[in-house]
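Student: Sequence plus predicted model, see below.
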There are 2 protein chains.
Amino acid sequence: MPPQNEPPKMPIDGVRNLITIGSGKGGVGKTTVSVNLAIALARLGQKVGLLDADVYGPNVPLMMGIHDTPYAVENRIQPLEQHGVKLMSMGFLNPGDKPLIWRGPMLHSVMQQFMRQVDWGELDFLLIDLPPGTGDVALSLIQTAPITGAIVVSTPSEVALEDGRKAVLMFRQVKVELLGLVENMSYLIVPGTGQKVDIFGEGGGRRTAEAMDIPFLGELPLNPQVRIGGDTGRPIALMGEQEPQAEGFYAIAKQVIARCSAGPLRKAPSFSIED
Amino acid sequence: MPPQNEPPKMPIDGVRNLITIGSGKGGVGKTTVSVNLAIALARLGQKVGLLDADVYGPNVPLMMGIHDTPYAVENRIQPLEQHGVKLMSMGFLNPGDKPLIWRGPMLHSVMQQFMRQVDWGELDFLLIDLPPGTGDVALSLIQTAPITGAIVVSTPSEVALEDGRKAVLMFRQVKVELLGLVENMSYLIVPGTGQKVDIFGEGGGRRTAEAMDIPFLGELPLNPQVRIGGDTGRPIALMGEQEPQAEGFYAIAKQVIARCSAGPLRKAPSFSIED
């Protein structure tokens, strides 16, 4: 039985695994991980959707290189599709530079529509790119949706890890299983020379994952090609698993598939009928 | 006369200039700019306070290297002081990794207390390190305080600039003067070799500032020493104006002093009594 006062977590029709990608701090590469993980999962044969829940800074359209307007069929919003991934983002509905000056309750309502009134169809994975932090949108989503597991992205800097630990504890507090922590921008390979430069302090992600007793999903180097891929709408994962700059994302995708199909992942509480 | 329905903007006792430092996207170095700008202003002879309004990810205590608890005297909270700067942060009241799971209205009330019930004393500059984005806390603050001017921080990546433009338009929409845009992480100087590596796409900050007709306050390189300074509580500006790695922050500080003492800066609307 779910505890009193906790809203029931209604499943999303047709969606097998609901994965949230969060971070304590912005700018750590949460959306970069989301779009590349989505593409890698799709290339590995999974049916994938990506919901951009970062309403104030929706960067998924730019990174996926698509700026159309979704239309509705019989009251169901049709997601856009790009690079083999079904997409929904506030950026499709509020294009351009105009800021969205909305407060919590309105965001809550929009996110519920994005999850439940979008015609996602049958999906192996619906990834949700959460806004950074532990604020209203993140909270509302994880309290109302049956989340299979959460991924937390952080750079290895102390400052990012300080906030990353808060995100891990937020998921834990609301009883969402942690799929693991990804360390992004671990180090820089200088183009041309191949010199490895420690920028944000390598190794902090792994140490943090171990200290918090959650899986460490791997480290991704700070790679100008990854940034350029995002800025031009051609995420690096499109180059395929064999491409050294993309392989880190495929390695994470395989861990996600393995964890989610293995079954023993603790599910979020769901309805149960007892005698 | 302020427009109907707009709450009056009460001045903050003793504070000459109220400067907000914002960004569309997190992780672009907003707090790094805030702490180093605060120290640079103090070293240049100004009386400075720094209010950390990033309630969900308050990194000012870590970056300034101070983790005490403020106490109250006659109902006025006494700010902490470090490196010559008076400080207030949610991180002092909620230390450790526990996430703050609060919604909009509670944050609004705390921010008003941080501005108005803290014993800031006489200040030339009170800097407010806003949370990233255009959400509740940012909105509440800029709608209720007489802000002298706003600084927007962005990296040169298209993704960060996309969100940075939203922040500029948010300030413009609520009629807060833009002091200018700072481009952070413009390029990397490889330690040892001095090689300049373009990581996030140099030059985008200046072009964006020009296109939006706001001052460009300068570019700051991606510098591992700056990150280490923040991670260890010894911001690089402590090394003084002559230190090449710190001079960019002093250059911004001087522009801020010049703009704010020049006088013609458009002020936020304030009370007026008419016959």
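Tutor: That came in fine, so what should we check first? Residues are numbered from 1 along each chain as shown, chains lettered A, B, ... in the order given.

Student: Those residues of the stretch 101-250 of chain A touching chain B, which are they?
Tutor: A:101, A:103-104, A:131-136, A:139, A:155, A:157-160, A:162-163, A:165-167, A:169-170, A:173, A:188, A:190-191, A:193, A:195, A:197-201, A:222, A:224, A:227-228, A:230-232 (C-beta under 8 Å from any C-beta of the partner chain). All C-beta spots, glycine's among them, are computed from the backbone N, C-alpha and C.

Student: Helices of the stretch 151-275 of chain A, start to end?
Tutor: Counting by DSSP state H, counting those that start in this stretch, the stretch 151-275 of chain A has helices at residues A:158-173, A:204-212, A:224-231, A:247-262.

Student: Just give me how far the first one sits from the chain centre.
Tutor: To tie it back to what came earlier, the one meant is helix A:158-173. Taking C-alpha atoms, centre = their mean, to the nearest Å, one finds helix A:158-173 lying 15 Å from the centre of the chain it belongs to.

Student: packing partners for that helix?
Tutor: Helices and strands touching helix A:158-173, by 3 or more C-beta pairs under 8 Å, 6 or more residues apart in numbering or on different chains; DSSP states H and E, are strand A:15-22, helix A:136-144, strand A:149-154, strand A:178-189, helix A:204-212, helix B:60-64, helix B:224-231.

Student: so who does A:Y71 touch?
Tutor: A:Y71 is in contact with A:77-78, counting by C-beta atoms under 8 Å, 6 or more residues apart in numbering or on different chains.

Student: now do 10 Å
Tutor: A:77-78, A:80 (C-beta atoms under 10 Å, 6 or more residues apart in numbering or on different chains).

Student: So A:L130 is in contact with A:L107, correct?
Tutor: No: assessed by C-beta atoms under 10 Å, A:L130 is found out of contact with A:L107, at 11.9 Å.

Student: picking up where we left off before, mind listing which of the contacts of A:Y71 are in strands?
Tutor: Counting by DSSP state E, the part of these found in strands is A:77, A:80.

Student: With respect to chain B, which of the contacts of A:Y71 is nearest?
Tutor: Closest approach to chain B among the contacts of A:Y71 (C-beta to the nearest C-beta): A:L80, at 17.8 Å.

Student: Ranked by average pLDDT, which of the helices and strands packed on helix A:158-173 falls at the bottom?
Tutor: The weakest mean pLDDT among the helices and strands packed on helix A:158-173 belongs to helix A:136-144, with a mean of 82.

Student: ok now it, how far from the chain's centre?
Tutor: That offset, for helix A:136-144, works out to 14 Å (C-alpha atoms, centre = their mean).

Student: what do you get for stretch A:119-129?
Tutor: Worked out by C-alpha atoms, centre = their mean, stretch A:119-129 lies 12 Å from the chain centre.

Student: circling back: tabulate the contacts of A:Y71 (TSV), appending distance to chain B.
Tutor: Listed next are the contacts of A:Y71 as TSV, based on distance: C-beta to the nearest C-beta, whole Å:
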residue	distance to chain B
A:I77	23
A:Q78	24
A:L80	18
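
Student: what would the contacts of A:Y71 look like in a markdown table with neighbour count?
Tutor: Below are the contacts of A:Y71 laid out as a markdown table (neighbours: other C-beta atoms under 10 Å in any protein chain shown):
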| residue | neighbour count |
| --- | --- |
| A:I77 | 18 |
| A:Q78 | 15 |
| A:L80 | 19 |
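
Student: closest to A:L41 among the contacts of A:Y71?
Tutor: Ranked by distance to A:L41 (C-beta to C-beta), the contacts of A:Y71 are led by A:L80 at 17.4 Å.

Student: Does the nearest residue to the closest one once chain neighbours are set aside belong to a helix, a strand or coil?
Tutor: Excluding the flanking residues, the one nearest A:L80 by C-beta to C-beta, 6 or more residues apart in numbering or on different chains is A:L87, at 4.8 Å. Three-state assignment for A:L87 (DSSP: H, G, I helix; E, B strand; the rest coil): strand.

Student: A:L87 contacts A:P79, doesn't it?
Tutor: Yes: between A:L87 and A:P79 there is a contact at 5.6 Å, judged by C-beta under 10 Å.

Student: Give me the common contacts of these two.
Tutor: Jointly contacting A:L87 and A:P79 under the rule C-beta under 10 Å, 6+ apart are A:49-51, A:70, A:118.

Student: Make a ChimeraX selection of the buried ones in the residues you listed.
Tutor: Buried members of the shared contacts of A:L87 and A:P79, defined by 16 or more other C-beta atoms under 10 Å in any protein chain shown, are picked up in ChimeraX with:
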select /A:49,50,51,118
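
Student: Considering the shared contacts of A:L87 and A:P79, which member attains the minimum pLDDT?
Tutor: A:P70 (92).

Student: which neighbours do A:L130 and A:L107 share?
Tutor: A:53, A:137, A:141.

Student: Pull up the distance across stretch A:62-74, start to finish.
Tutor: Stretch A:62-74 has an end-to-end distance of 28 Å (C-alpha to C-alpha, to the nearest Å).

Student: Which positions within that stretch qualify as buried?
Tutor: A:62-66.

Student: Would you convert those into a markdown table that also reports distance to A:V256?
Tutor: As requested, the buried residues of stretch A:62-74 are arranged in a markdown table below (distance: C-beta to C-beta, whole Å):
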| residue | distance to A:V256 |
| --- | --- |
| A:L62 | 24 |
| A:M63 | 19 |
| A:M64 | 19 |
| A:G65 | 23 |
| A:I66 | 23 |
